[in-house]
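J.: Make a model of this:
(2 chains)
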Amino acid sequence: AQTVTQSQPEMSVQEAETVTLSCTYDTSESDYYLFWYKQPPSRQMILVIRQEAYKQQNATENRFSVNFQKAAKSFSLKISDSQLGDAAMYFCAYRSSLTQGGSEKLVFGKGTKLTVNP
Amino acid sequence: GAVVSQHPSRVICKSGTSVKIECRSLDFQATTMFWYRQFPKKSLMLMATSNEGSKATYEQGVEKDKFLINHASLTLSTLTVTSAHPEDSSFYICSAREVGRREFFGPGTRLTVL
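T.: Modelled structure (predicted):
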């Protein structure tokens, strides 16, 4: 079974600075998807960024980018120019590719609580 | 983007009663819906996966007779917590997927059992 590990329970960053959240995963599959979700105090899960394993290029969404290292099974999230609104729980998640007969379900890490200091 | 709603957003009930939570996909047909449970300051724990028109697949350790899931249409799934007890108090989140598309999450339902 696949597992996702987030080794940083809490992180803090100064407003306008850059922070990197770590995520590693374990799988024997070659094709899969990786996600970062944000859960603010409202508890609504918001997709931040998504990476397809077969794509070597790291995904980027405005101030959010990932460092995807497939061989190392690492998928870190970099937040640039941090804003107060970035404060939230961040969850890394894994999903198998259906083309390989994998499960549709998301496997979540335990989360990292990000605090942004003004 | 696609929207998933949940109703009610909050519910308080007495121990021993049953509570139904609805999850609706508002602008797409959800072939698959998921139900999660989240304890305070914890991650999401998948309870079950339901496909429209078929029985839900429950995760190990989740009591199917206690947490009844129905996915009767492509836009609606319900979770019924039967004979609720205080330990069932939690935050329940649903999500929905259309074939070939990503998952969208509902806003969650906070259940408090007195």
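
J.: tell me the secondary structure for B:Glu87?
T.: helix (DSSP: H, G, I helix; E, B strand; the rest coil).

J.: And for the one residue in chain A that gets nearest to chain B, nearest residue in space, chain neighbours not counted?
T.: Proximity to chain B, evaluated over chain A using Cβ to the nearest Cβ, is greatest for A:Met45 at 3.8 Å. The way it works is simple: take the backbone N, C-alpha and C, and place the C-beta from them, glycine included. Excluding the flanking residues, the one nearest A:Met45 by Cβ to Cβ, 6 or more residues apart in numbering or on different chains is B:Phe105, at 3.8 Å.

J.: who touches the one you found in this structure?
T.: Applying Cβ atoms under 8 Å, 6 or more residues apart in numbering or on different chains, we find B:Phe105 in contact with A:Gln44, A:Met45, A:Ile46, B:Val4, B:Ile93, B:Cys94, B:Ser95.

J.: May I have the beta-bridge partners of it?
T.: In this entry, B:Phe105 is beta-bridged to B:Ser95, by DSSP bridges.

J.: The most centrally placed residue in chain A - nearest residue in space that isn't next to it in sequence?
T.: By Cα atoms, centre = their mean, chain A has its centre lying nearest to A:Trp36, at 3.0 Å. Leaving aside its chain neighbours, A:Trp36 sits nearest to A:Val48 (4.3 Å; criterion: Cβ to Cβ, 6+ apart).

J.: Packing partners of the helix or strand hosting that neighbour?
T.: Counting by DSSP states H and E, the element that carries A:Val48 is strand A:46-52. Here strand A:46-52 touches strand A:32-39, strand A:60-61, strand A:64-69, strand A:74-79, going by 3 or more Cβ pairs under 8 Å, 6 or more residues apart in numbering or on different chains; DSSP states H and E.
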